[in-house]
Structure formats: C-alpha cells, structure tokens
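**Student:** please work out how this folds:
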Amino acid sequence: MTTSSRPPEEKNIFVIGLDEGNDEVLRRIPGAGHYRFHPLLSPEELQHGEIPIIELVEKAEARLDAFSESIDAIVSYWDFPSSTMVAMLCEKYGLPGVSLEAVLKCEHKYWSRLEQVKVIDEVPSFGIVDLDDDDPRPPEGVGYPMWLKPVKSFSSELAFHVADDDEFDKAVAEIRAGVDRVGKPFERVLATVDPPVEVADAGGAACLAEGELNGVQAATEGYVYKGQVTVYGVLDSINYPDSTSFLRHQYPSQLPEDAVERMKEISIRVMEQIGFDNATFSIEFFCHPESGQVCLLEINPRHSQSHAELFEYVDGVANHQIMVRLGLGQDPGARRNRGDYRIAGKWYHRRFRDGLVTRVPTRAEIADLEAEIPGVKIEPVAEKGVRLSDLPEQDSYSYELAHVFVAAQTEREMESKYRRCVEALRFDFEEG
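**Tutor:** Numbering: from 1, shown residues only. So this is what the prediction gives:
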C-alpha cells in the first residue's frame, strides 16, 4: 500500500531590511524551497538620515495587516531600529521572538554594562559623560586613554579614542552634534519599557566613556532557544597595523582553545543574566592570547549578517538558517560543519584619506577576478562620483572601498588570495 505525502506548506517569512545580497544567502539555506521571503522596509528607510521609529513601525504594521496569508515569522539581521522592531512586531503578531526589554539590555551600551557586571568581572571601567553639562568631564574611575561613544549608534559611528583633555573635548563636540540621529528615536523605544533609574536618567542619547581595551578582537556567535544558550562559532577580528579599523573578520578563530572556551562561558553567563531568549546574538571581545584573559566589548542582539558567507564557506550553511528556524519557533539543531574550505575571511579594503572617487572596478573586472580565484566574492562599497567622507556608516578613521570575501584551506593561502584581489581592483581618486 502506498501513501502520497503532501509537500510541506510554504512559510511566509518577513525580513526587515531585506537586501539583494542577503536575499541570495537566504535562498541557499536548507529548506529554502519551502520559505517565501518578503521584504519589510528597505535598508535605506531603516538606516539613512533621521530614524522615525514610530512611523517605521506603523508602516511595517500596515504592510503586515494588508497581507492576506499567514505571517509565520518576522526576522532581521540588522541593528537598531530593526532589532527592536522585530521584538515589537513579534509580540504584536503573536510570533516567537525575544522580548523588547532583553533587546534593549543589549542595545543600550550603559544598561548592558550594568547587567554584565552582575555576573562577570571581564569588563572595562565605564561611566556616563554628561553631554548637557557646560563643561563635560570624564566620569570618575575612567582614565585616559579611553573610548567615547553614544550609548546607541550604528557600527563605529561617533566612536572616538581619546588620550587627553583636548581630544576629549573635540570628541564630545562631535558626539553632541550627531548623537540625536540615532539617540532620540532610541529614546522613544526606551520609554516603552521600565529601565533602571540610572538608565532612565541617562536616556537614549547619552555618551558612554570606557577604559581602553587591548589585545586581539574576537566575537562569539550564538543563539538562545527555550532558555538554552548555544555558542556555535567564534571568529577573529583583525585590525590594520597601528589602526582601530578592521582589516578582516575570519572564521573559525585561530586563538588558543582556552581563550575560545572562556569567551563561550562568558557569552552564556551574560545572555542568561539578560534574559535573552528565542533569538540570535553576537558578542565582541578583546583577548590576550598569551594569558587567555578576555574582556567583553559589546553585545549585539542579532547574529552578524556580514559573517553569513564565512559560515557558508566553512560549515556549509549560513548563520541565517538559525535566525529563520528560531523565527518559526523551531530548534535550530546541530551545525553541519561540512563546507568546502577550512577558513574564510571578510576583508575590508580601505583608504585612510578622503578623496572623490573617479573610478571603481567594473562588473566584468570583478566577475573575471572571482572566476580566476576560487573562493572569492567581491562587493564594492565606494561609488564613482561620491566623496569617500559622504559614504554612510564609515568609522571615524577610514573609508571602505570594497568588502572581499576569501575562503581557503589555510590562513596563509587566504592572505595570498586577498593580496591578489587588492592588486587587481582598480580604484582612482581625485585628491583634496
């Protein structure tokens, strides 16, 4: 006797900030044939200029309410406001997701530190700088050199390394001028929960000072499912020499095993403390390879979409799969660890001075290079006719020309492939 099995019903998955590159990655994950991915707001709406958070939520709700079929998941791999919107929308539509308060405990850098120190010692000295003061000064207990940064910002925007009072004053002036773009909308979301008094007093447009951290940067990627924290990957973040700008992220980490295990332990402890559940996360660290000592830099309440291809190259499946399964209320299960390569890196091809871009590599040139060197994918960032300083979401010290994904069997082979790419990619500039 034979039985016919009906194909599983397609799931409608709404992705906040879905873009072309990530859409391609999502369509390669296992089971993608049973998923329909729907864009919910564009990256431009979410990240450029002022962020009208309430209006964005209303626009997303209008789109969802107009959808005539089932809404099976709402997910995102972007920072604020996407990360907070996922929590808000999942709650409204009765979908599996993380609580808004847990997201804000990660997103608000000061609140996050207050939670971290309850369960770990591996944090720098920190405190709030009063931007409303006539003459702001470093908080007690935080000495030079230090980092100044908004309690909420995009990437490394408005983050400054300061070594003396003069640099402190200049950084405070820049942060004052730009903090409201993200800080004010963030404050509106913060007002919907009940934060501790010291967090409420600081608000969402505040400035945090932190003691300088040293060592090698690394990150854990993980998720929480029904209260169980799982760390599935550890990556290294390597800077340009004598710079705070990233040269590359690489997976898996090449750090000693004891340092890797310590980062995993700390990740589990802080995510349990925060009450984070049913979502992905990534946590950044500084590590001293010789001693195995680590220090927590910051917690992101979402996995890193910029690492997706690295996991695909090495594990055989992108980390986006975990986001999707959690969004559907499913256990992500074990990782495959069956990729074609043993190491992969996302490299940042940068320029350290401003200029007007007069030429970028053509699509044909990039296609030829990708065909010539296996395990390479190139994404230009700089655009012809655009001044580098006008590019969005750059750090305070350099400008990205291109992202170069490189996979290989050894770290040395990966470095060699990247050098070949940089030598072949022609960008021209008009100085001044």
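
**Student:** counting by contacts, list what the longest strand seen in the chain packs against.
**Tutor:** Longest strand in the chain, counting residues (DSSP state E): strand 228-239. If contacts are counted by 3 or more CB pairs under 8 Å, 6 or more residues apart in numbering; DSSP states H and E, strand 228-239 sits against strand 216-225, strand 246-251, helix 257-274, helix 308-315. From N, CA and C alone the C-beta is placed, and that goes for glycine too.

**Student:** tell me the angle it makes with helix 257-274.
**Tutor:** 130 degrees (axes from the mean of the first three to the mean of the last three CA atoms, to 10 degrees).

**Student:** can you give the strand pairings for strand 228-239, parallel or anti for each?
**Tutor:** Using DSSP bridges, the strands paired with strand 228-239 are strand 216-225 (antiparallel), strand 246-251 (antiparallel).

**Student:** can I get the one helix or strand in the chain whose mean pLDDT sits lowest in PDB, CA atoms only?
**Tutor:** The least trusted helix or strand in the chain, going by mean pLDDT, DSSP states H and E, turns out to be helix 43-47, with a mean of 86. The C-alpha trace of helix 43-47 is given here as PDB (Å, rounded to 0.1, in the frame of the first residue of the first chain):
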ATOM      1  CA  PRO A  43      17.700  49.200   4.400                       C
ATOM      2  CA  GLU A  44      17.600  52.800   3.200                       C
ATOM      3  CA  GLU A  45      14.400  53.500   5.100                       C
ATOM      4  CA  LEU A  46      15.900  52.000   8.200                       C
ATOM      5  CA  GLN A  47      19.400  53.300   8.300                       C
END
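
**Student:** how about residues contacting it?
**Tutor:** The contact list for helix 43-47 (CB atoms under 8 Å, 6 or more residues apart in numbering) reads I16, G17, D19, L56, K59, W78, P81, S82, F154, P392, E393.

**Student:** element containing the last one?
**Tutor:** What it means is E393. Secondary structure from DSSP states H and E places E393 outside every helix and strand.

**Student:** ok, it to W78 distance?
**Tutor:** Using CB to CB, to the nearest Å, one gets 11 Å for the distance from E393 to W78.

**Student:** ok, these two, which is more surrounded?
**Tutor:** Neighbour count, other CB atoms under 10 Å: between E393 and W78, W78 has more, with 22 against 14.

**Student:** related to what we said a few turns ago, flag every buried residue along the longest strand of the chain.
**Tutor:** V229, T230, V231, Y232, G233, V234, L235, D236, S237, I238 (16 or more other CB atoms under 10 Å).

**Student:** how about the helices in the stretch 1-150 of the chain?
**Tutor:** With helices called from DSSP state H, counting those that start in this stretch, the stretch 1-150 of the chain shows them at 20-26, 43-47, 53-65, 82-92, 100-107, 109-116.

**Student:** out of those, deepest packed?
**Tutor:** helix 100-107 (a mean of 23; mean count of other CB atoms under 10 Å).

**Student:** touching that one from outside, list them.
**Tutor:** In this structure, residues lying in contact with helix 100-107 by CB under 8 Å, 6+ apart are 79-80, 83-84, 86-88, 91, 111-112, 115, 152, 186, 189-190, 192-195, 274-277, 279, 281, 299-301.

**Student:** just give me the closest of the contacts of helix 43-47 to D130.
**Tutor:** Nearest to D130 out of those is F154 (CB to CB; 23.1 Å).

**Student:** check for me that that closest one belongs to a strand.
**Tutor:** No: F154 is assigned coil when assessed by DSSP: H, G, I helix; E, B strand; the rest coil, not a strand.

**Student:** that one is in contact with D79, isn't it?
**Tutor:** Yes: the criterion here is CB atoms under 8 Å, and F154 meets it with D79 at 6.1 Å.

**Student:** who has more neighbours, these two?
**Tutor:** More neighbours surround D79 than the other of F154 and D79, with 21 against 16 (other CB under 10 Å).

**Student:** pLDDT at the more buried one, what is it?
**Tutor:** D79 carries a pLDDT value of 90.

**Student:** what sits against it?
**Tutor:** E107, F154, S155, N300, R302.

**Student:** the residue nearest to L18 when sequence neighbours are not counted: neighbouring residues, count only.
**Tutor:** The shortest distance from L18 to any non-neighbouring residue, by CB to CB, 6 or more residues apart in numbering, is to P39 (3.9 Å). Neighbour count of P39, defined by other CB under 10 Å: 14.

**Student:** any idea how far P39 lies from E55?
**Tutor:** Separation of P39 from E55 (CB to CB): 18 Å.

**Student:** now R338
**Tutor:** 44 Å.

**Student:** tell me the domain ranges of the chain?
**Tutor:** For the chain, automatic domain parsing gives the domain ranges 11-104, 125-211, 216-430.

**Student:** V119: which of those is closest?
**Tutor:** domain 216-430 (4.6 Å).

**Student:** quick one: end-to-end distance for the closest one.
**Tutor:** 35 Å (CA to CA, to the nearest Å).

**Student:** for it, what is the average pLDDT?
**Tutor:** For domain 216-430, the per-residue pLDDT averages 95.

**Student:** again with stretch 58-67
**Tutor:** Averaging pLDDT along stretch 58-67 gives 97.

**Student:** which residues sit against that stretch?
**Tutor:** 12, 14, 16, 38, 40-41, 45, 71, 74, 85, 89, 92-93.

**Student:** same question, stretch 236-247
**Tutor:** Under the criterion CB under 8 Å, 6+ apart, residues 161, 216-219, 248-251, 253-255, 284, 347-348, 350, 352, 395, 397-398 lie in contact with stretch 236-247.
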